[in-house]
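Novice: what would the 3D arrangement of this be:
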Amino acid sequence: MHSLVPKSYTALQLTSKTIDFSMGSKQPEGELLKTLITAKPKGQFLELGTGMGLSLSWMVAGMDQESTLISIDNDQNLLKEVIPHFKDDHRVSILYEDA
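Specialist: Residues are numbered from 1 along each chain as shown. Below is the predicted model of the structure:
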């Protein structure tokens, strides 16, 4: 049985294809990330390398309301595509930094 695909994943996957971004996570990896995140309620998570936000979308889908996630990337052009999908989620911080 497959998890429901996060809405943001579908949109970001389309953008990835449009800009020829080929380093994104696929659905099986995303489902695994969601499962791992779900297993840690009230978790504090860090993602190094936001990329196109594909993994991020799965992780956010697995988080409870008391969890937080910081995602860091050093590519401002990619972040401009990703941030609008998560800007209203108080649990998520996306930073433009060199990790």
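Novice: give me the neighbour count for Gln15.
Specialist: That one is not Gln; residue 15 is Thr. Burial measure for Thr15: 17 neighbouring residues, criterion other CB atoms under 10 Å. Every C-beta, even on glycine, is put in place using the N, C-alpha and C of the backbone.
Novice: was I right about it contacting Met52?
Specialist: Yes - with contacts counted by CB atoms under 8 Å, Thr15 reaches Met52, the gap being 6.5 Å.
Novice: where do the strands of this protein begin and end?
Specialist: Taking DSSP state E to define them, one finds strands in the chain at 44-48, 68-73, 92-96.
Novice: where does pLDDT dip in this protein?
Specialist: Low-confidence segments of the chain (pLDDT under 70): 1-3.
Novice: and the residue positioned nearest the centre of the chain, what does it touch?
Specialist: The chain has Leu56 as the residue nearest its centroid, 1.0 Å off, counting by CA atoms, centre = their mean. Residues near Leu56 by CB atoms under 8 Å, 6 or more residues apart in numbering: Glu47, Thr50, Leu69, Ser71, Val82, Phe86, Val92, Ile94.
Novice: again, 6 Å this time
Specialist: Ser71 (CB atoms under 6 Å, 6 or more residues apart in numbering).
Novice: from Tyr9, how far out is Lys34?
Specialist: 10 Å (CB to CB, to the nearest Å).
Novice: neighbour count winner among those two?
Specialist: Counting neighbours by other CB under 10 Å for Lys34 and for Tyr9 shows that Tyr9 has the greater number, 25 against 22.
Novice: nearest spatial neighbour of that one, chain-adjacent residues omitted?
Specialist: Spatial nearest neighbour of Tyr9, chain neighbours left out: Ser57 (4.0 Å); criterion: CB to CB, 6 or more residues apart in numbering.
Novice: contacts only, for the one you found.
Specialist: Pro6, Ser8, Tyr9.
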